[in-house]
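J.: Pasting the sequence and the predicted model now:
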Amino acid sequence: MKEFFKDNKRAEWLAFALFTVLYILIAIFHEPMYDEAQAWLIARDASWRELIFEIPHYEGHPPFWHMILAVFAKNGVPFEIGLRIPGALFCFTAVWLLIFRSPFPKAVKCLLPFTYYIFFRYSIVVRPYCMTMLGLFLVAMTYGTKDKKPFRHMAALMLLCASSAYGMAFAAGICIVWLIELFTQKKKNDIKQIAALMILLICNIGQLLLMMPKEDTNAVVAYSVSTILYCLAYMLIIGPADSMFLDTGMDARLQNYAESILTGGFVSCINIIIGLITVAVLIYYAKKHGKLLLLVIPYFLFALFSAAVYFWYHHIGLIHLYLIFVFWCALQKEGKTIATSALVKDYADRTEKESDSSQNKRNKKVWDYFERIKQIKGGKKLPKLALMLCLGMSIAWSVFCGGTDLFRTTWYSRTLADAVREIGADQYNCALQWDISAVGPFEEQSDYADASKYYHIASVTQFFDCLAYFDENIFYNHNEGNREISYNRQSVPGEEGQKRIMENNATHGYPEYFIGLIFVVDALPIEEEMPVYAPVYRFEVYKPDKFIIDYNDRYIYAREDIYLQRSDWPIREQLSVN
């Protein structure tokens, strides 16, 4: 059996086949999430001019992903099929490169495709980060020959930049390292390398100008210096461990969680200690293979951008991908894969030839601690055990979340679209819940269902992503009733603008159907008293992340006069079953 897997890359082909089977199986049951539907609706409803010159200012991403989806969306391909085709193309190509072209040991490269962020977050969930994954792997493949073939390396970096703002941050750091190597080492093709870097710089300046946020961009928040420092500390200390085997429980924006993650008592202390050990080990191995600058500079730029601008829990996987990239580069030489043992021997030989200066002596003392650990009984097994922990934990997350996706409803978009059609709400005046922000005070339990205790952001609605299953916008309060625009425009006008939108919504009277928290309807500036609403459909969501499931249930409500017109509402059966 052992010989079977050694010959002709049978183990690699088996891993790729298993990845394919599991991908198809789970993708069939996967309910597209908010970001998947939002990207599709943008690609379908926005014009080409808007896709390139307007949308990036509000989405914070380069336009390339939306342009790819537009090829399918604007030509009538059904939502889930049209979204899945390009996503599968990118992730399957990336996984094929990882299995068949990476320099990792056979067991590692056959297991990496099943880790949580590669398999579930950036393959099953179709987002532009499948392009980031492919971009990083292509950059790793071309890194060893960048001095001989700089334009090929430049093309890989361009894909990385076109994938996401985070890809641009990584690419900027990689280019800085490239420049340092260019000016400190005597390499051939200096002019070609500088030309490649200049072309990349010009392209990305243009792309950055397209993405600069507008004054009314929704996601832009001015954070305090302390919040940014907490976020940066998380990124530099805990982030790498959180991407591989640790779970800090972050399930939203980092800026809302960083302080509690770092100052949460005993658990925080343990996480910080584990994080520091993880970072020390990563730095040790990166230095050992001559890739310390490649680990530190691009990651720091990425961490700084994430801390100061925007970072959600699903972006943790980008750290995972970047660590794979760094050690892919470390384990190959001049574009060719060589054995890890040979790299260690090469490092030892180079170390012996180095001058024995006082600085080198001090550095050697620091890194010798890691070598001494290996001399302890069983110490040589520690690296393998740590690797098994990282891979095993991440694969376990994949199993948990993949299984949840198979047997639970992990997002509401498909279910909600079916429900709206089933009860006929699309034929009536139907409204969506809008965003609210707590103002308070909340002295009694009833205050939490009091519309006057909240600031109402009427320009941003929830549950609109079910519109990916409709041909047009069917909700009168979404995008101010513009039936040709179904995506969330991510535009938040000021207080006067919000007041105007609420007044416009009030002209339609109280909605006949409402989706979401019903108490917010009372905030509509309508003189007559809010009528009674009854729930007619319940939809539940079990959103998984690592080993955590975020459960939520919401209702579709019918106005009393509509509710009394029939007695067979689906909620009767739903509640009787439960």
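T.: Arrived safely.

J.: next one: stretch 253-273 to chain centre, how far?
T.: Mean-position distance between stretch 253-273 and its chain equals 21 Å (C-alpha atoms, centre = their mean, to the nearest Å).

J.: Doesn't residue 214 lie inside a strand?
T.: No - per DSSP: H, G, I helix; E, B strand; the rest coil, residue 214 lies outside any strand segment and is coil.

J.: excluding its backbone neighbours, what's nearest it?
T.: Excluding its sequence neighbours, the residue lying closest to residue 214 (C-beta to C-beta, 6 or more residues apart in numbering) is residue 57, at 4.9 Å. Quick note: C-beta positions are derived from backbone N, CA and C, even for glycine.

J.: Quick check: the gap between that neighbour and residue 219.
T.: 11 Å (C-beta to C-beta, to the nearest Å).

J.: Neighbour count: those two, which is higher?
T.: Neighbour count, other C-beta atoms under 10 Å: between residue 57 and residue 219, residue 57 has more, with 17 against 14.

J.: Overlap in contacts, residue 57 and residue 219.
T.: Shared contacts of residue 57 and residue 219, defined by C-beta atoms under 8 Å, 6 or more residues apart in numbering, comprise residue 213.

J.: what sits against residue 437?
T.: Neighbour list for residue 437: 454-455, 457 [criterion: C-beta under 8 Å, 6+ apart].

J.: Can you tell me the SS state at it?
T.: strand.

J.: Who does it form a beta bridge with?
T.: Here residue 437 sits in beta bridges with residue 455, going by DSSP bridges.

J.: And it, how far from residue 455?
T.: Taken as C-beta to C-beta, the span from residue 437 to residue 455 is 4 Å.

J.: now for the helix or strand encompassing residue 178, which elements pack on it?
T.: Residue 178 belongs to helix 165-184 when assigned by DSSP states H and E. Applying 3 or more C-beta pairs under 8 Å, 6 or more residues apart in numbering; DSSP states H and E, we find helix 165-184 packed against helix 129-143, helix 150-163, helix 190-211, helix 292-308, helix 316-330.

J.: tell me which residues in it are buried?
T.: Residues of helix 165-184 classed as buried: 165-178, 182 (neighbour count, 16 or more other C-beta atoms under 10 Å).

J.: what bits of the stretch 101-250 of the chain have low per-residue confidence?
T.: 186-189 (pLDDT under 70).

J.: same thing but at 90, please
T.: 182-191, 214-224, 249-250 (pLDDT under 90).

J.: what's the answer for the stretch 301-450 of the chain, then?
T.: 332-387, 389, 440.

J.: And residue 163, how close does it get to residue 65?
T.: Residue 163 is 7 Å from residue 65, by C-beta to C-beta.

J.: which neighbours do those two share?
T.: 128, 131.

J.: what's the first-to-last distance across stretch 509-517?
T.: Length of stretch 509-517, first residue to last, C-alpha to C-alpha, to the nearest Å: 18 Å.

J.: SS state for residue 442?
T.: coil.

J.: surely it meets residue 449?
T.: No - Residue 442 is not in contact with residue 449 according to C-beta atoms under 8 Å; the separation is 10.2 Å.

J.: Among the buried residues of helix 165-184, which one sits closest to residue 465?
T.: residue 165 (21.7 Å; C-beta to C-beta).

J.: And the protein, split by domain according to the record?
T.: According to automatic domain parsing, the chain comprises the domains 2-403, 413-577.

J.: List the buried residues in the helix ranked longest in the chain.
T.: The longest helix of the chain (DSSP state H) is helix 382-407. Neighbour counts over helix 382-407 (16+ other C-beta under 10 Å) mark 390-391, 393-395, 397-398, 400-402, 404-405 as buried.

J.: I'd like a version of the residues you listed in JSON lines, one that adds distance to residue 503 as further columns.
T.: Listed next are the buried residues of helix 382-407 as JSON lines, based on distance: C-beta to C-beta, whole Å:
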{"residue": "390", "distance to residue 503": "55"}
{"residue": "391", "distance to residue 503": "57"}
{"residue": "393", "distance to residue 503": "52"}
{"residue": "394", "distance to residue 503": "51"}
{"residue": "395", "distance to residue 503": "53"}
{"residue": "397", "distance to residue 503": "47"}
{"residue": "398", "distance to residue 503": "49"}
{"residue": "400", "distance to residue 503": "47"}
{"residue": "401", "distance to residue 503": "43"}
{"residue": "402", "distance to residue 503": "47"}
{"residue": "404", "distance to residue 503": "43"}
{"residue": "405", "distance to residue 503": "42"}
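
J.: Quick one: mean pLDDT for stretch 524-542?
T.: Stretch 524-542 shows a mean pLDDT of 95.

J.: Likewise for stretch 559-569?
T.: Stretch 559-569 shows an average pLDDT of 94 in the prediction.

J.: got the buried residues for that stretch?
T.: 559, 562-563, 569.

J.: from these, which single one is nearest residue 119?
T.: The closest of the buried residues of stretch 559-569, once distances to residue 119 are taken by C-beta to C-beta, is residue 569, at 39.6 Å.

J.: does that closest one really touch residue 536, like I thought?
T.: Yes - with contact defined as C-beta under 8 Å, residue 569 counts as touching residue 536 (4.2 Å).

J.: so what sits against both of the two?
T.: Joint contacts of residue 569 and residue 536 (C-beta under 8 Å, 6+ apart) are 423, 558, 563.

J.: Filter the residues you listed down to the ones in strands?
T.: If you go by DSSP state E, these have residue 558 in strands.

J.: can you redo the shared contacts of residue 569 and residue 536 as TSV with distance to residue 87?
T.: As requested, the shared contacts of residue 569 and residue 536 are exported to TSV (distance: C-beta to C-beta, whole Å):
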residue	distance to residue 87
423	32
558	37
563	41
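
J.: And the shared contacts of residue 569 and residue 536, which is closest to residue 225?
T.: residue 558 (49.1 Å).

J.: Which residue ranges of the protein form strands?
T.: Going by DSSP E, the chain shows strands at 332-333, 336-337, 430-432, 434-438, 454-461, 513-515, 533-545, 548-559.

J.: So which of those strands is the most surrounded?
T.: For the strands of the chain, the largest average neighbour count (mean count of other C-beta atoms under 10 Å) is found in strand 513-515, namely a mean of 25.

J.: and it, what other elements does it pack with?
T.: helix 413-423, strand 430-432, strand 548-559.

J.: wait, which of these is closest to residue 240?
T.: Taking the helices and strands packed on strand 513-515 one by one with C-beta to C-beta, strand 548-559 is closest: 19.9 Å.

J.: Which strands or helices does the closest one pack on?
T.: helix 413-423, strand 513-515, strand 533-545.

J.: Tabulate these (TSV), appending distance to residue 256.
T.: Formatted as TSV, the helices and strands packed on strand 548-559 follow (distance: least, C-beta to C-beta, whole Å):
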stretch	distance to residue 256
helix 413-423	24
strand 513-515	25
strand 533-545	15
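
J.: so which of those gets nearest residue 104?
T.: Residue 104 lies closest, by C-beta to C-beta, to one member of the helices and strands packed on strand 548-559: strand 533-545, at 26.3 Å.

J.: Could I have the CA atoms of the closest one written out in CSV?
T.: C-alpha atoms of strand 533-545 as CSV (Å, rounded to 0.1, in the frame of the first residue of the first chain):
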residue,chain,number,x,y,z
TYR,A,533,-48.8,42.3,12.4
ALA,A,534,-48.8,38.5,12.7
PRO,A,535,-45.9,36.2,11.8
VAL,A,536,-46.7,33.9,8.8
TYR,A,537,-43.3,32.4,8.1
ARG,A,538,-40.3,31.5,10.2
PHE,A,539,-36.8,31.0,8.7
GLU,A,540,-33.8,29.8,10.7
VAL,A,541,-30.1,30.1,10.1
TYR,A,542,-27.2,28.0,11.5
LYS,A,543,-24.1,29.9,10.4
PRO,A,544,-21.0,27.9,11.1
ASP,A,545,-17.4,29.2,11.8
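
J.: Show me what stretch 465-481 is in contact with.
T.: 32-34, 37-38, 40-41, 79, 412-414, 416-418, 420, 426, 429-432, 434, 458, 461, 464, 482-486, 489, 501, 504-505, 508, 511.
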